[in-house]
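1. Give me a 3D structure for the following:
(one chain, ligands or ions: 1)
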Amino acid sequence: MNLVLQLAMALVSVFSVQLLFYKLREFITRHPSCSGSGKGVILKYGPNRYPLVGSLFAFWKNRRRHIEWAAEMLAESPTQTIVVERLGGIRTVLTANPENLEHILKTRFDNYPKGNPFTAILHDLLGKGIFNADGDTWKLQRKVASYEFSSGSLRNFVLKVVEEVTDRLLPMLHNASETGRCLNLQDILQRFAFDTICKVAFGVDPAWLDGRFAESELAGALDVAAKLSAGRSAAPIQLVWKMKRMLNIGSEKRLSEAVAVVHEFAMEVIRRRRSQISNGGCTASDSKWEQSDLLSRFMVLSSTNSNSTCKGHGHDMPTDAMGVEREDCCSDEFLRDMIISFILAGRDTTSSALTWFFWLLSSHPHVGEAIYKEIAHLIAARSQDIDSSSSSPVLFSYKEMQNMHYLHASICESMRLYPPVLLDSKHALHNDVLPDGTFVGKGTRVTYHPYAMGRMNAIWGADCLQFKPERWVNKDGHFVPQSPFKFAVFQGGVRVCLGKEMAFIEMKFVAATVISMFRLQPPVDSRQRTPKLVHCLTARMEGGFPVVVQRRTTTPFPT
Ligand code: HEM
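-> A predicted model of the protein is given here:
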């Protein structure tokens, strides 16, 4: 009882101080002469229609649909930008304006790091991993990871891994088509994406986990950690999760337990690789490529004695030149954080994109059939293609996948409506003014909103809510890309997603394989229902995506 009372008193006093600061800050930001900008415009949309405490209630009322709520308000704003000021929260500029995005992500990138308020939210889970880092720590990881992702041989390796992992997926679908059993496609795709990223980034097959970790336990821990971390950012009052964390109670207790499981997995991966390196390299069963995985590159960096460069796998990688302490960048903790960032980057994004893609196909069967025809056409053309007669075991070659224009368009169209990363935030280092005239004070959070952008009349036209892959192809049927600041699904500018090409290889390979063999439908009783979108760092479907699997009577593959 005493504790509850103390908690309540602490809350009241913090609220009073915050109220004072809030009023003061409001005064400063609304007087351009005080804030240092002569042109600043404060837009008065969305939650600003509510008085100070009212905005808190509105926030609370919409807490389970804050993504949709923000999208509605952004659509109402003539500049596609709103300013959110609420008690207990950082002043936030929310934007879906492509010019503003280019400004934040490219032109004035230096002024918009992720910032402490963002990194604090994800720190327990991601530590200083690339997703949660700024400055030199980020630069170093970006540089090393770029070597990996820009390498030509990565593409072939990804293709090989994806084919292997798809081979595990197909028997499940065959089995379900024969037994009539319903499958949770979201879970299966997540497992597929997890296996793929572990093999590509760390040279580890999660099948190796058996006996040490139950993969389901790890998957569960990752889900809980992602969901509760996202919950922190959506909390109307940030102080509440901070206090719960301090007291290790409720959701914060569950989060720390889940994080412990995830961390232990990452440490096990590191221990395994260290022992491989100390045993003189990879085991006989490991391929050459596994020595070049991202984790190995970082480890070579840590074990080199040179102070200036690290000569690993034929690359000269600047290390101390980055200004990052060797001990920092090569400690087990640092490697652990890097691993977790990559797991999240590779597991939840592609599986989210594919889940929503297959759901949209189930209500737009003509799109699925058009994709099938495209694949059948490419396979039929194989007999005339000299190269394809090679004995490659790959179901689809890279070249064939490049020619799947309609499939590419359909995946982009699906991500336009359901971007895996729904929103993303930066924090201004200095006062600034966005191209649409919105004043951004030092410390302001600037959030861009790919979900709102994908549903914006002003950007995509009156049919923006319709699923129409045709909007991405020209009259010759070729895919036409859009500006990354309009279609910001992979972010644009300096921190653009490093795994974009890998993601497309993965998604197109799985989609093409599944579509050429099966038709997937939700069970009859849920066909008319739109699944609920939940924000768990990525866009998930509440309750998963149950599907009934029907095998096609013919496939385009030669028998
Ligand atoms: C459909 C799939 C994917 C989508 C939509 C996507 C989207 C994004 C977005 C929006 C960001 C920026 C996040 C931020 O700065 O907060 C990002 C960054 C990143 N992505 Fe992806 N991603 C996808 C797949 C992948 C895959 C498969 C990988 C491979 C591991 C990957 C690796 C990364 C990395 C390393 C970054 C950090 C870049 C940096 O901060 O410099 N992504 N991605």
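
2. Residues of the protein that sit close to the ligand?
-> Within reach of the ligand by C-beta under 6 Å from any ligand atom, the chain has these residues: 130-131, 142, 145, 197, 201, 342, 345-346, 349-350, 353, 420-421, 424, 489-491, 495, 497-499, 502-503. Placement of C-beta: from N, CA and C, glycine included.

3. Return the members of those residues classed as buried.
-> For the residues of the chain next to the ligand, a burial check counting by 16 or more other C-beta atoms under 10 Å picks out 130-131, 142, 145, 197, 201, 342, 345-346, 349-350, 353, 420-421, 424, 489-491, 495, 497-499, 502-503.

4. Strands - which of these land there?
-> Asp424 (DSSP state E).

5. what's the residue in the chain that the ligand sits nearest to in contact with, if anything?
-> Distance from the ligand to each residue of the chain (C-beta to the nearest ligand atom) is smallest for Gly499, at 2.1 Å. Shown in contact with Gly499 (C-beta atoms under 8 Å, 6 or more residues apart in numbering): Phe149, Ala345, Gly346, Thr349.

6. what about the strands in the stretch 51-200 of the chain?
-> Applying DSSP state E, counting those that start in this stretch to the stretch 51-200 of the chain gives strands spanning 81-84, 92-95, 183-184.

7. Ok, which of these comes nearest Ala71?
-> With C-beta to C-beta as the criterion, Ala71 lies closest to strand 92-95 of the strands of the stretch 51-200 of the chain, at 9.8 Å.

8. starting at the chain centroid, how far to that closest one?
-> 20 Å (C-alpha atoms, centre = their mean, to the nearest Å).

9. So what are the sheet partners of that strand and their directions?
-> strand 81-84 (antiparallel), strand 445-448 (parallel) (DSSP bridges).

10. Dump that strand to CSV, keeping only the CA atoms.
-> These are the backbone C-alpha positions of strand 92-95, laid out as CSV (Å, rounded to 0.1, in the frame of the first residue of the first chain):
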residue,chain,number,x,y,z
THR,A,92,6.6,15.1,-32.1
VAL,A,93,6.4,16.2,-35.8
LEU,A,94,4.7,13.4,-37.6
THR,A,95,5.1,13.5,-41.4
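
11. burial of Ala376, as a residue count?
-> If you count neighbours by other C-beta atoms under 10 Å, Ala376 ends up with 15.

12. Tell me where the stretch 101-250 of the chain has helices.
-> Ranges of helices in the stretch 101-250 of the chain, per DSSP state H, counting those that start in this stretch, are 116-126, 135-150, 152-179, 185-202, 215-234, 238-247, 250-278.

13. could you dump those helices to TSV with mean pLDDT?
-> Output for these, formatted as TSV (pLDDT from 0 to 100):
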stretch	mean pLDDT
helix 116-126	89
helix 135-150	85
helix 152-179	87
helix 185-202	88
helix 215-234	82
helix 238-247	87
helix 250-278	88
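
14. just those: most buried one?
-> Of the helices of the stretch 101-250 of the chain, the one with the most neighbours on average (mean count of other C-beta atoms under 10 Å) is helix 185-202, at a mean of 24.

15. any idea of the angle that one forms with helix 250-278?
-> On the basis of axes from the mean of the first three to the mean of the last three C-alpha atoms, to 10 degrees, helix 185-202 is oriented at 40 degrees to helix 250-278.

16. Give the other helices and strands that helix 185-202 contacts.
-> In terms of contacts (3 or more C-beta pairs under 8 Å, 6 or more residues apart in numbering; DSSP states H and E), helix 185-202 is packed against helix 152-179, helix 215-234, helix 250-278, helix 294-303, helix 332-363, helix 500-517.

17. Can you say which of the ones you listed is nearest to Asp187?
-> helix 215-234 (7.8 Å).

18. Where among the strands paired with strand 92-95 is average confidence lowest?
-> Of all these, the minimum mean pLDDT falls on strand 81-84 (a mean of 89).

19. Centre of the chain to that strand, how far?
-> On C-alpha atoms, centre = their mean, the centre of strand 81-84 falls 24 Å from the chain's centre.

20. Show me where the stretch 251-400 of the chain dips below the pLDDT cut-off.
-> In the prediction, the stretch 251-400 of the chain carries residues with pLDDT under 70 at positions 280-292, 300-330, 383-394.

21. One more pass at 50, please.
-> 282-290, 305-324, 327, 386-393 (pLDDT under 50).

22. one step back: same list (the strands paired with strand 92-95) but as TSV, adding distance to Arg416.
-> Listed next are those as TSV, based on distance: least, C-beta to C-beta, whole Å:
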stretch	distance to Arg416
strand 81-84	20
strand 445-448	15
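
23. Mean neighbour count for the ones you listed - can I get that in JSON lines?
-> JSON lines is the format used below for those (neighbours: other C-beta atoms under 10 Å):
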{"stretch": "strand 81-84", "mean neighbour count": "23"}
{"stretch": "strand 445-448", "mean neighbour count": "22"}
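
24. Quick one: closest of these to Leu294.
-> Comparing the strands paired with strand 92-95 under C-beta to C-beta, the one sitting nearest is strand 445-448, at 27.2 Å.

25. What segments of the stretch 451-559 of the chain are strands?
-> 518-521, 533-536, 538-541, 546-551.

26. Out of those strands, which gets the lowest mean score?
-> strand 533-536 (a mean of 86).

27. Give the pairing partners of that one; include direction for each.
-> In the sheet, strand 533-536 lines up with strand 538-541 (antiparallel) (DSSP bridges).

28. I'd like to know which of the helices of the stretch 101-250 of the chain is closest to His377.
-> Between His377 and those, the shortest gap by C-beta to C-beta is with helix 152-179, which sits at 20.6 Å.

29. got the angle between the closest one and helix 135-150?
-> 70 degrees.

30. show me the contacts for the nearest residue to Leu533 once chain neighbours are set aside.
-> Closest residue to Leu533 apart from its sequence neighbours, by C-beta to C-beta, 6 or more residues apart in numbering: Ala539 at 5.7 Å. Ala539 is in contact with Ser352, Trp356, Tyr418, Pro419, Pro420, Val421, Leu422, Tyr451, Leu533, counting by C-beta under 8 Å, 6+ apart.

31. measure Ala539 to Lys227 for me?
-> Counting by C-beta to C-beta, to the nearest Å, the gap from Ala539 to Lys227 is 12 Å.

32. Outside of stretch 517-525 itself, list whatever touches it.
-> For stretch 517-525, using C-beta under 8 Å, 6+ apart, the contacting residues are 170, 173, 177, 182, 185, 358-359, 361-362, 365, 368, 514, 527, 529, 545-552, 555.

33. check contacts around Leu354.
-> Leu189, Ala193, Met507, Val510, Ala511.

34. Kindly report the same for Gly454.
-> Met415, Arg416, Leu417, Tyr418, Pro419, Trp460, Cys464, Phe487, Val489.

35. Just the ones in helices from those, please.
-> Met415, Arg416, Leu417, Trp460 (DSSP state H).

36. Can you verify my assumption that the first one contacts Gln482?
-> What it means is Met415. No: between Met415 and Gln482 there is no contact under C-beta atoms under 8 Å: 11.2 Å.

37. To Asp124, which of the strands paired with strand 92-95 lies closest?
-> strand 445-448 (19.6 Å).

38. rewinding a little: so for Phe118, which of the strands of the stretch 51-200 of the chain sits nearest?
-> Of all the strands of the stretch 51-200 of the chain, it is strand 92-95 that lies closest to Phe118, at 11.3 Å by C-beta to C-beta.

39. Run through who's touching that closest one.
-> 46, 70, 73-74, 80-85, 101, 104, 425, 434, 436, 438, 440, 444-449.

40. that older thread, and among the strands of the stretch 451-559 of the chain, the most buried is which?
-> Stretch with highest mean neighbour count among the strands of the stretch 451-559 of the chain: strand 538-541 (a mean of 23; mean count of other C-beta under 10 Å).

41. Now find how far off-centre that strand is within its chain.
-> 10 Å.

42. Leu395 in helix, strand or coil?
-> Three-state call for Leu395 (DSSP: H, G, I helix; E, B strand; the rest coil): coil.
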